[in-house]
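J.: Provide a 3D model corresponding to the input given below.
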Amino acid sequence: MNERPLRIVIAKAGLDGHDRGAKVIARALRDAGMEVIYTGLFQTPEQIVQTAVQEDADGIGLSILSGAHMTLFPLVVEQLQAQGAGDIVFFGGGTIPPDDAQRLRDLGVRAIFTPGAPLQDIVDFVRSECGKRRALVG
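T.: Residues are numbered from 1 along each chain as shown. Coordinates of the predicted model:
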């Protein structure tokens with residue numbers, strides 16, 4: 001069986017122009033042997049999910065620093081369901097208060113990482129959770 005690396009979409013949504021953290025995460029995942037598709041800035045939830053579906057991604061990581069996390073994260077969850085892609089592991093990060101992070105997890109966001117989270121924790125989460133998805137669908 002041809003075992004391709006885990007494929008992860010790293011995205012920035014809305015009007016948030018701060019992408020340094022997203023690029024650091026993308027590099028860490030790439031260095032860990034994963035394929036990373038970085039969508040660039042100013043993507044809509046529809047574009048992000050469409051990219052993930054087209055690329056046969058195992059996961060989507062969304063970075064939001066603009067404060068719009070309670071709007072944009074749920075829209076991505078909605079789009080995943082609408083496009084029949086609810087099995088794609090969706091995680092994110094940014095300046096998200098703990099109460100909001102819990103509400104987002106309750107909505108279906110698998111994990112929320114805040115600034116200062118160790119890169120190895122993020123890599124380990126992606127490898128574990130996206131690896132489980134790969135085992136189920138592969």
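J.: contacts only, for the most centrally placed residue in the chain.
T.: By Cα atoms, centre = their mean, the chain has its centre lying nearest to residue 61, at 1.4 Å. Contacts for residue 61 (Cβ atoms under 8 Å, 6 or more residues apart in numbering) come out as 8-11, 22, 25, 29, 91-93, 122, 126. Any C-beta I mention is one placed from the backbone N, CA and C, and that applies to glycine too.
J.: one more pass at 7 Å, please.
T.: The contact partners of residue 61, by Cβ atoms under 7 Å, 6 or more residues apart in numbering, come to 8, 10, 25, 91-92.
J.: and what of residue 59?
T.: Residues near residue 59 by Cβ under 7 Å, 6+ apart: 8, 88-89, 91, 126, 130.
J.: got the contact list for stretch 124-138?
T.: Taking Cβ under 7 Å, 6+ apart as the rule, stretch 124-138 contacts 6, 8, 29, 32, 34, 58-59, 87, 89, 91, 110-111.
J.: show the average pLDDT along it.
T.: Stretch 124-138 carries an average pLDDT of 87.
J.: so how far is that stretch off the chain centroid?
T.: 13 Å (Cα atoms, centre = their mean, to the nearest Å).
J.: mind listing what's buried in that stretch?
T.: Residues 125-127, 129-130, 133-134 are the ones in stretch 124-138 that count as buried (16 or more other Cβ atoms under 10 Å).
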